[in-house]
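In: turn this into a model:
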Amino acid sequence: GFKSRVATQAYEDARAVVARFVGANPREHIVIFGKNTTEAINKLSYRLPLVPDDVVLVSQLEHHSNDLPWRARARVVHIGVDPLGRLDEADFDRLLQEYAGRIKLVAVTGGSNVTGNMCDIHSLAAKAHAAGAQILVDCAQLAPHRGIDVGTLADSTHLDYVTLSAHKMYAPFGTGALIARRDTFERGEPEYRGGGTIEFVSLDGVTWADAPDR
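Out: Modelled structure (predicted):
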């Protein structure tokens, strides 16, 4: 119906607004909405092809929502914090070497809700990519106070995944966003099956919809 089409278009327009807000190129990144940052991080944890022996580096500055989802999927190793409450980059470098070849993801906060520390996320991204890992930045606390630019995938300092929380930015409660690499969500199967996640269903098979619908 007409009202449904208008509502759907408004929803898709909102994806474009959020993408522009973090400098995302729609050809490389997609925007997926959820209830909050916690759901966004969990959604990513379901989609990444992790196995128990894989390593996810998580800083000790994280909200537990950027820690617990990874504990359920892989081995979490915590990056230390210095006496001033800042991410210890020397410890980060040490861990990159110690777990070389096993690190699949670096998950860090852009701005700590405990200490207020804002680490150099693009420097961390370059180091993560050089080690063959991807990076997720929890920007729930950062987004209201600093500009965010995820960059292009060709740039070694790009951010693979960014999460946002609307209510931290005086937007309507009950909304969060995952800005993610498109290629990650163009493969694999959705954790919730049915509804708008499908393109076609037969009695013995299914064709999943394109990202981000799937």
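In: at the geometric centre of this structure, which residue sits there?
Out: Geometric centre of the chain, nearest residue: Y161, 3.4 Å, by C-alpha atoms, centre = their mean.
In: which strands or helices does the longest helix along the chain pack on?
Out: Of all segments of type helix in the chain, defined using DSSP state H, the longest is helix 2-21. Contact partners of helix 2-21 among helices and strands, from 3 or more C-beta pairs under 8 Å, 6 or more residues apart in numbering; DSSP states H and E: strand 29-34, strand 176-181. Where C-beta positions appear, they are placed from N, C-alpha and C, glycine not excepted.
In: buried residues in it, which are they?
Out: R15, V18, A19, F21 (16 or more other C-beta atoms under 10 Å).
In: and the average pLDDT for that helix is what?
Out: In this model, helix 2-21 has a mean pLDDT of 95.
In: angle of that helix against strand 29-34?
Out: Orientation of helix 2-21 against strand 29-34 (axes from the mean of the first three to the mean of the last three C-alpha atoms, to 10 degrees) gives an angle of 120 degrees.
In: could you dump helix 2-21 to CSV, C-alpha only?
Out: Provided in CSV are the C-alpha atoms of helix 2-21 (Å, rounded to 0.1, in the frame of the first residue of the first chain):
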residue,chain,number,x,y,z
PHE,A,2,0.9,3.6,-0.4
LYS,A,3,1.6,4.3,3.3
SER,A,4,3.8,1.2,3.5
ARG,A,5,5.8,2.4,0.5
VAL,A,6,6.3,5.9,2.1
ALA,A,7,7.4,4.3,5.4
THR,A,8,9.8,2.0,3.6
GLN,A,9,11.3,4.9,1.7
ALA,A,10,11.7,6.9,4.9
TYR,A,11,13.5,3.9,6.5
GLU,A,12,15.9,3.6,3.5
ASP,A,13,16.5,7.3,3.5
ALA,A,14,17.5,7.0,7.2
ARG,A,15,20.1,4.5,6.2
ALA,A,16,21.6,7.0,3.8
VAL,A,17,21.6,9.7,6.5
VAL,A,18,23.5,7.5,9.0
ALA,A,19,26.0,6.4,6.3
ARG,A,20,26.8,10.1,5.5
PHE,A,21,27.1,10.8,9.2
